[in-house]
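Chemist: below is the sequence, then the predicted model.
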Amino acid sequence: MMDKVELKFLRITYSHTHAGAYALILAETYGDRRLPIIIGGVEAQAIAIQVENIKPARPLTHDLFKHVADTLGFNLKEVIISDLVEGIFHAKLVVEQNANEVEIDARSSDAIALALRFDCPIFTYERILSTAGLKVEEGEEDDEKSTEPRKGKEKRTLGNATIEDLRGMLEEALDNEDYERASALRDEIKKREQEGN
């Protein structure tokens with residue numbers, strides 16, 4: 001059996017390398033490595049809604065899956081980031097019903113969105129973490145342990161983004177009907193434009 005390593009959800013950040021995409025950051029539970037997974041805006045929103053404890057007017061697909069599982073009496077035991085093929089992460093859902101356990105293939109973003117809803121552990125294999133994992137730089141850890149509310153973190157991320165990044169993020173926020181984020185981005189863009197004059 002391959003060595004399994006437990007991971008925990010850390011955060012989602014805007015991807016600076018893939019326009020219009022986000023980086024889902026998983027952290028090694030008992031270690032200092034990070035596993036960044038590039039995901040789309042819709043997938044990022046499905047995860048953010050759960051993390052921020054926002055209740056959408058109608059259930060999203062992941063909420064629907066959870067409701068079906070609760071109704072039919074099966075449980076998501078764990079999620080495994082099981083493979084990395086040509087830069088794309090693959091995942092498996094380990095589902096249990098009564099004494100039976102089955103593995104179901106899933107996209108990594110869907111698997112994480114479900115793991116957060118079922119509050120189940122997330123794992124990967126050592127070979128994947130040693131290939132794609134990143135070590136935390138000295139001093140970066142303090143930032144992650146900060147108890148500052150999310151808005152403060154948002155400001156810091158916006159501060160590091162270029163004006164082109166901000167415009168891309170604004171377009172993405174508007175596409176996703178995330179008006180709160182869009183207004184924060186618009187304000188930051190205006191501020192930068194005035195500073196440039």
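Modeler: Happy to help now that I have it.
Chemist: and the helices in this protein?
Modeler: In the chain, the helices defined using DSSP state H lie at 41-51, 61-72, 108-118, 126-132, 140-145, 150-160, 163-175, 179-196.
Chemist: for residue 40, phi and psi?
Modeler: Dihedral angles of residue 40 (phi, psi; degrees, to the nearest 10) stand at phi -80, psi 170.
Chemist: ok, and the closest non-adjacent residue to it?
Modeler: residue 21 (6.0 Å; Cβ to Cβ, 6 or more residues apart in numbering). (Glycine included, C-beta is placed from N, CA and C.)
Chemist: my guess is that neighbour contacts residue 37, does it?
Modeler: No: the criterion here is Cβ atoms under 8 Å, and residue 21 misses it with residue 37 at 10.3 Å.
Chemist: of these two, who's got more company?
Modeler: Of the pair residue 21 and residue 37, residue 37 is the one with more neighbours under other Cβ atoms under 10 Å, namely 22 against 18.
Chemist: now the more buried one: how far from residue 76?
Modeler: Noted for residue 37: a distance of 18 Å to residue 76, by Cβ to Cβ, to the nearest Å.
Chemist: re the thing from before, can you list the helices of the chain in JSON lines and add mean neighbour count and distance to residue 88?
Modeler: Formatted as JSON lines, the helices of the chain follow (neighbours: other Cβ atoms under 10 Å; distance: least, Cβ to Cβ, whole Å):
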{"stretch": "helix 41-51", "mean neighbour count": "19", "distance to residue 88": "13"}
{"stretch": "helix 61-72", "mean neighbour count": "14", "distance to residue 88": "20"}
{"stretch": "helix 108-118", "mean neighbour count": "24", "distance to residue 88": "8"}
{"stretch": "helix 126-132", "mean neighbour count": "15", "distance to residue 88": "11"}
{"stretch": "helix 140-145", "mean neighbour count": "10", "distance to residue 88": "26"}
{"stretch": "helix 150-160", "mean neighbour count": "12", "distance to residue 88": "25"}
{"stretch": "helix 163-175", "mean neighbour count": "17", "distance to residue 88": "21"}
{"stretch": "helix 179-196", "mean neighbour count": "14", "distance to residue 88": "27"}
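Chemist: many thanks, we can stop here.
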